[in-house]
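Visitor: Sequence and predicted model, in that order:
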Amino acid sequence: MAQIQASIEINAPLDKVWNVVSDLDSEPRFWKGTKEVQNISKDGNTVTREVTIAFKDSKCMQTVTIQPKEKIHAQFTKGIIDGTKTILLVPQGEKTKLEAVWDIKLTGMMGMFTGMVRKHIQSGTEQALQSIKEEAER
């Protein structure tokens, strides 16, 4: 498994940052590795969705669990990626720390490329956090 972590301090209160990251449909705007998101079902704070990722336009299934104003946990359930991506929000007075933690591997024969893909995901995650910061600080 490849573990990837990145965090950023945002000069905006928790509510404002939460409004940006909890809009699951806008994920492709910030996460360049996510090309398209299609929500399939919603049950309370759990969303089942199909995500098209930039890596070979692969489709992955995710179960996303939302803990309001705390975290968003995406479990990859089917497709080329196996593992999780968690977005954590930590209030710090008038600021908010936003953290992304991946624990993933590529499935099947693609598993041997996990290390190579890790660098792309790290870079994409840092870019996404910066884009979210810019949006929340407007």
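Guide: Nice, thanks for sending it over.

Visitor: hey, let's count contacts and neighbours off CA atoms from now on
Guide: Will do.

Visitor: ok, and what's touching stretch 53-72?
Guide: 14-15, 18, 22, 32-36, 45-52, 73-81, 86-90 (C-alpha atoms under 8 Å, 6 or more residues apart in numbering).

Visitor: Please name every helix or strand in contact with the one helix or strand residue 88 maps to.
Guide: Using DSSP states H and E, residue 88 sits within strand 81-92. Packing partners of strand 81-92 (3 or more C-alpha pairs under 8 Å, 6 or more residues apart in numbering; DSSP states H and E): helix 14-21, strand 71-78, strand 95-106.

Visitor: need those in JSON lines with mean neighbour count, mean pLDDT and distance to residue 40, can you?
Guide: Below are these laid out as JSON lines (neighbours: other C-alpha atoms under 10 Å; pLDDT from 0 to 100; distance: least, C-alpha to C-alpha, whole Å):
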{"stretch": "helix 14-21", "mean neighbour count": "19", "mean pLDDT": "97", "distance to residue 40": "19"}
{"stretch": "strand 71-78", "mean neighbour count": "20", "mean pLDDT": "98", "distance to residue 40": "14"}
{"stretch": "strand 95-106", "mean neighbour count": "20", "mean pLDDT": "96", "distance to residue 40": "23"}
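
Visitor: would CSV of these with distance to residue 3 be doable?
Guide: Formatted as CSV, the helices and strands packed on strand 81-92 follow (distance: least, C-alpha to C-alpha, whole Å):
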stretch, distance to residue 3
helix 14-21, 21
strand 71-78, 14
strand 95-106, 5
